[in-house]
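# attaching a predicted model along with its sequence, questions to come.
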Amino acid sequence: MPSPPPSFVVNTNPERVAESQTALIVGVIATVNMLALAVVAAKTYTRLFIYKASGAQDALMVLSAISFHSGPWQLFISNRLAGTIILFLQIPYGLGKHADTIEQTDHAIFNKRLEAMSKELQELRNQGRGEDTTSATESSAETGSSSMNEEGVDDFQLSSFTVDLKGVLVNSSVATEAFIVFAEYMRPRLPVVGALSAQAAYENQPFLFWTIVAIVLCRLPEQHNIALFQLLRGPYERLIQETLIDAPLPLFKVQALLLLCNWPLPTEKQWKDPSWLYCGVAIQAARYLSLDRQQTIPSLRVIGVTSGSIRSRINTWLVCFKVSTSLSLHLGLPCPIESELDFSSIHAFLRKDTVPPAYALEVRIQLVVAKFTSLLNHELTDGTSSSFLRLFDTELDALKNEMPPDEDDKSIVEYALLDAKIHIYTLVITKFSNYSPSRQILLRTARDIALRIVDIGTRAIRNSPISIEDTTAVRRERCQPKDRHRCLGFSTIFLLKFFIRQNADPPEEKQIVANHVAMAQTLCRACTVDPKDEFSRIAKVFEVLGREGSKDEDKTKLVLNHRMGVSLMLDAVNTAGKIRGRRMEMRDGEQRYIDEDSSQSQEGHTDLVSQVDGNPEFVKSFWSDPYTSLLQFDPASIEPDYSATW
């Protein structure tokens, strides 16, 4: 037997010597066969990690960590050419138990090599995080735990009996029900959050937790939920204000703002809806997190917030683009995300397949909208506008070939397609001359689109039983994104404005339009839970406009013409204000219109009733702009008791 290395002091116990001999024999065989055996010194315990850099052809087996204590030793072999695992060997090394000293020089060399390999391992890991879509995990900006587990399952149970928002106590069962409703009706329409833990969200991400509770409670038709929301509204709105100025916003707060933009809280006047402002904050916070460019970034302290997982980052930016573009379309404002670099990033993110196919198609529809709205907003000739419109139609129609097989998903995508078309068509119609042949053709095409929108938008209510005992259908409809109902209202009033009053249309066509308006009105009535809520106000508008019998087409030039199809709506608000005797010009320092006192308002209401009943000229003027009451004009005061509207 060869003598032991001089750096070891060997115990002469026969059993220990035999154990040492066995270990040495195994080591020699491994060295000869594998060509790269490394023997770790006595009293050394090592953990081996095998790491293969993404895209490389070779694998590197490196030593990750070392603990200098008694125990088994482990070996590693590096083989850059093979590209696979070569060896992972673990044997009881007897010599380690007999070692009493290790020379200082051996330690120094050994430690330097370990430091070099550790640095190389860390570099490879950092490179891998940029490409591996499953390596990163999302965490809160305030704590290390997360309320969202994208690969896990939902857990909506809360450990305490009540949850508290600034002194307002809510029963845990109510919060749990809100999360269940959110997961069933809302999350599939906006996949910005993954699987949720209600308890973790309440503890670590309160803004996301209370946003989910608030947007659900304000849409549930039961009276006790409505009353509870009224109690929560004040504290929750203060929480929003605190959140918006608490820079920088972590990922979960951006996600909560996007939920709030898609399902805003109810307002007594539509111009009080702050969704557009929240959307701007969400976009800038997302850009600060580099969601628009990088799939992942290090969670550096200098940034101030954790980066989040790759999937959540991609989905959040896709949702940010879709929500902001859709909202801009319905408000007649420029798309806030419209650069070619942004479009390229969105296309690249869509190729990752992190969102459901139906939602990916909705995002692609908004890409087409964002590209063409900036073009069509320019002053163009009729021929140029028609050419752009044909290109717009071609791009949207190409997406029809990729419709998902599921009927519900197919309906959602088709509705999004029609929504984009009706708004862009209306934009072009407002630019054409009243006597343009292209305008007349486009009006007919837009009418068919509007009829289809009403048909799809009211199908669920028409096919479901509506009763006080069973509120499932109403719950489902009220939990739809607000832009869906904006589109339904826009399409219905488009039909009222351009076709109910047309004397050139045959009676059967006018009856078809009237039937579809009645269908939209039925949906709004079914979803009404308060005489002054948004659904009730829209239903009353339909009633008032449906009774109008003027034959002459309004030829008044629009007051505004730079807000796409929404210019019609703004012109209607302006006209309604003039009819009510309001001063429409704002003075310096004013923030809103000056409202009349109660006596003036009551007197004005009486005058309006008499005008509607006996003044055809007033009716004609009122009819010319059907969007009047959608925003700030309450028609309840001029509405008689109509027993049969249609």
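Alright, I've got the coordinates.

# so which bits of the one helix or strand Gln440 maps to are buried?
Assessed by DSSP states H and E, Gln440 sits inside helix 437-457. For helix 437-457, burial by neighbour count (16 or more other C-beta atoms under 10 Å) applies to 438-439, 442-443, 446-447, 449-454, 456-457. For the C-beta atoms, the positions are set from N, CA and C on the backbone; glycine is no exception.

# same question for stretch 224-232.
Applying 16+ other C-beta under 10 Å to stretch 224-232 flags Asn225, Ile226, Leu228, Phe229, Leu232 as buried.

# and the contacts of that stretch?
Leu165, Val168, Val170, Val174, Trp210, Val213, Ala214, Leu217, Cys218, Leu220, Val529, Asp530 (C-beta atoms under 8 Å, 6 or more residues apart in numbering).

# could you redo the last one with a cut-off of 6 Å?
With contacts defined as C-beta atoms under 6 Å, 6 or more residues apart in numbering, stretch 224-232 is touched by Val168, Leu217, Cys218.

# again with stretch 233-253
141, 165-166, 168, 205, 207-208, 210, 214, 281, 285, 288, 304-305, 308.

# mind doing that once more with 7 Å?
In this structure, residues lying in contact with stretch 233-253 by C-beta atoms under 7 Å, 6 or more residues apart in numbering are 138, 140-141, 165-166, 168, 205, 207-208, 210, 214, 265, 281, 285, 288-289, 304-306, 308, 312, 316.

# mind listing what's buried along the helix or strand containing Ser344?
Using DSSP H and E, Ser344 sits within helix 340-350. By neighbour count on 16+ other C-beta under 10 Å, the buried set for helix 340-350 is Asp342, Ser345, Ile346, Phe349, Leu350.

# from the contacts of stretch 224-232, which is closest to Ala198?
Distance to Ala198 across these (C-beta to C-beta) is lowest for Leu217, with 14.4 Å.

# give me the neighbour count for that closest one.
The tally of other residues near Leu217 (other C-beta atoms under 10 Å) stands at 27.

# what do you get for Trp276?
Neighbours of Trp276 (other C-beta under 10 Å): 16.

# just checking, it touches Leu331?
Yes - with contacts counted by C-beta atoms under 7 Å, Trp276 reaches Leu331, the gap being 6.1 Å.

# and the helix holding Ser344, what other elements does it pack with?
helix 310-331, helix 357-376 (3 or more C-beta pairs under 7 Å, 6 or more residues apart in numbering; DSSP states H and E).

# mind putting those into a markdown table with distance to Arg476?
Below are those laid out as a markdown table (distance: least, C-beta to C-beta, whole Å):
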| stretch | distance to Arg476 |
| --- | --- |
| helix 310-331 | 20 |
| helix 357-376 | 17 |
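
# please identify the most buried of those.
When the helices and strands packed on helix 340-350 are scored by mean count of other C-beta atoms under 10 Å, the highest mean neighbour count falls to helix 310-331 (a mean of 24).

# buried ones among the contacts of stretch 233-253?
138, 140-141, 165, 205, 207-208, 210, 214, 265, 281, 285, 288-289, 305-306, 308, 312, 316.

# Ala473 sits in which helix or strand?
Going by DSSP H and E, Ala473 is in helix 472-478.

# tell me the helix or strand right after that helix.
Using DSSP H and E, the first helix or strand after helix 472-478 is helix 482-495.

# by how many degrees do that next one and helix 310-331 diverge?
20 degrees (axes from the mean of the first three to the mean of the last three C-alpha atoms, to 10 degrees).

# CA atoms only: put helix 482-495 into CSV for me.
This file holds the C-alpha atoms of helix 482-495, laid out as CSV (Å, rounded to 0.1, in the frame of the first residue of the first chain):
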residue,chain,number,x,y,z
LYS,A,482,-67.3,49.0,-18.4
ASP,A,483,-66.0,49.5,-21.9
ARG,A,484,-68.3,46.7,-23.0
HIS,A,485,-71.3,48.7,-21.8
ARG,A,486,-69.8,51.9,-23.2
CYS,A,487,-69.8,50.2,-26.6
LEU,A,488,-73.4,49.0,-26.2
GLY,A,489,-74.6,52.5,-25.3
PHE,A,490,-72.6,54.1,-28.1
SER,A,491,-74.0,51.7,-30.7
THR,A,492,-77.6,52.1,-29.4
ILE,A,493,-77.5,55.8,-29.6
PHE,A,494,-75.8,55.6,-33.0
LEU,A,495,-78.9,53.7,-34.2
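
# shaky segments in the stretch 351-500 of the chain?
466-469 (pLDDT under 70).

# about what we covered before: which secondary structure elements does the helix holding Gln440 contact?
So helix 437-457, by 3+ C-beta pairs under 7 Å, 6+ apart, packs with helix 407-431, helix 482-495, helix 507-527.

# quick one on the thing from earlier: what does the helix holding Ala473 rub up against?
Against helix 472-478 from outside (C-beta under 7 Å, 6+ apart): Tyr185, Arg219, Leu220, Pro221, Ala460, Ile461, Ser464, Ile466, Leu523, Ala526, Cys527.

# show me what contacts the fourth one?
Put plainly, it is Pro221. Thr471, Val474, Arg475, Arg478, Val529.

# let me know the helix or strand that it is in.
Residue-wise, Pro221 maps onto no helix or strand under DSSP H and E.

# and it, how far from Asp353?
Between Pro221 and Asp353 the computed distance is 37 Å (C-beta to C-beta, to the nearest Å).

# so which of the contacts of stretch 233-253 are in helices?
Phe207, Leu208, Trp210, Ala214, Val281, Ala285, Tyr288, Ser312, Thr316 (DSSP state H).

# Gln511: which of those is nearest?
Ala214 (42.5 Å).

# enumerate every residue touching the closest one.
Counting by C-beta under 7 Å, 6+ apart, Ala214 has contacts Phe229, Leu232, Tyr236, Leu265.

# point out where the chain drops to low pLDDT.
Looking at the chain by pLDDT under 70, you get 1-151, 466-469, 501-504, 545, 547-563, 566-646.

# let me have the buried residues of stretch 224-232 in CSV, extended by distance to Ser160 and secondary structure.
Below are the buried residues of stretch 224-232 laid out as CSV (distance: C-beta to C-beta, whole Å; DSSP: H, G, I helix; E, B strand; the rest coil):
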residue, distance to Ser160, secondary structure
Asn225, 20, helix
Ile226, 24, helix
Leu228, 17, helix
Phe229, 21, helix
Leu232, 17, helix
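
# nearest to Ser197 among the residues you listed?
Leu232 (21.1 Å).

# relative to Tyr288, how far out is that closest one?
Distance from Leu232 to Tyr288, by C-beta to C-beta: 29 Å.

# likewise for Val363?
From Val363 to Tyr288 the distance is 22 Å (C-beta to C-beta).

# next one: Leu265
Distance from Leu265 to Tyr288, by C-beta to C-beta: 25 Å.

# same check, this time on Lys540
In this view, Lys540 and Tyr288 are 43 Å apart by C-beta to C-beta.

# what of Cys524?
In terms of C-beta to C-beta, Cys524 sits 40 Å off from Tyr288.

# again, but for Arg189
26 Å.

# strands of this protein, start to end?
45-51, 60-67, 73-74, 90-91, 148-149, 162-165, 168-171, 195-196 (DSSP state E).

# neighbours of Thr384, how many?
Neighbours of Thr384 (other C-beta under 10 Å): 13.

# if you could redo that for Ala514, that was the one I meant.
Counted with other C-beta under 10 Å, residues neighbouring Ala514 total 18.

# that one touches Leu496, doesn't it?
No - the pair Ala514 / Leu496 is not scored as a contact, 9.2 Å apart, by C-beta under 7 Å.

# got the contact list for His423?
Taking C-beta under 7 Å, 6+ apart, one finds Leu329, Met564, Gly565 in contact with His423.

# give me the distance between the second one and Trp276.
Taking C-beta to C-beta as the measure, Met564 falls 14 Å from Trp276.

# columns distance to Ala201 on top of the buried residues of helix 437-457, output as TSV?
Formatted as TSV, those follow (distance: C-beta to C-beta, whole Å):
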residue	distance to Ala201
Ser438	53
Arg439	52
Leu442	48
Leu443	49
Ala446	44
Arg447	46
Ile449	40
Ala450	40
Leu451	42
Arg452	39
Ile453	36
Val454	38
Ile456	34
Gly457	32
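
# right, I'll leave it there.
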